[in-house]
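1. quick one, fold the following:
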Amino acid sequence: MPATYLRRATQADLPAITAIIDNAKAYLKKQNIDQWQDGYPDPAILKQDIKDGITFVLIFGGAIAGTAALHQGIDINYLKIDDGNWITGIDARYTAIHRIAVASNFRGQHLSEKLMSGLITISNVLGFQDVRIDTHPENKGMRHVITTCGFDYRGKVYMQRDHALRYAYELVIK
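-> Below is the predicted model of the structure:
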């Protein structure tokens, strides 16, 4: 099996990350899922995430196979949750996984789970015991990955930038 690991992204990775995100947008569109169909996330956001040091890439056999941003601290989108609650409260100390995607030529190899597992491990190494994530209600593939990785559904959140509904999940680790 090829070496599989996460590393912090560099600006040199931006073209590969952008291609993965663009392909994910097309994949969502093909499934008629109205997520990432308005230009978000755009290259400027992806570039800023790398500059901020929150983007990680999944390396599989020497190639970039996936990407995600690991936000640390309060996420404004999670300050209000409907039809549920956060296990550790609204203002807890946590990481939030965002902009997660696997390259199309790596789909079906369960690399999403490896990417999530790596991000959970990094969260723990950074001293966080609470990890949160959200996704579009119709994104059944991502919802499956999230729950397979041990996250529990916690309620509904709305994105500040466009008020889009997302299902919110949380994992508390020790």
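
2. please make it C-alpha for all contacts and neighbour counts, starting now.
-> Fine.

3. what is the longest strand belonging to the chain packed up against?
-> Across the chain, the longest stretch assigned as strand under DSSP state E is strand 63-72. On a contact count with 3 or more CA pairs under 8 Å, 6 or more residues apart in numbering; DSSP states H and E, strand 63-72 meets helix 14-30, strand 55-60, strand 95-102, helix 111-125.

4. quick check: buried residues in it?
-> Residues Ile64, Ala65, Gly66, Thr67, Ala68, Ala69, Leu70, His71, Gln72 are the ones in strand 63-72 that count as buried (16 or more other CA atoms under 10 Å).

5. quickly name whichever of those is closest to Gln129.
-> Nearest to Gln129 among those: Gln72, at 11.5 Å, using CA to CA.

6. got a list of what the closest one touches?
-> For Gln72, the contacting residues are Tyr94, Thr95, Ala96, by CA atoms under 8 Å, 6 or more residues apart in numbering.

7. state the distance from the first one to His71.
-> With distances defined as CA to CA, to the nearest Å, the gap from Tyr94 to His71 amounts to 8 Å.

8. go on, the last one?
-> For Ala96, the distance to His71 under the criterion CA to CA works out to 5 Å.

9. again with Ile81
-> For Ile81 relative to His71 (CA to CA), the value is 18 Å.
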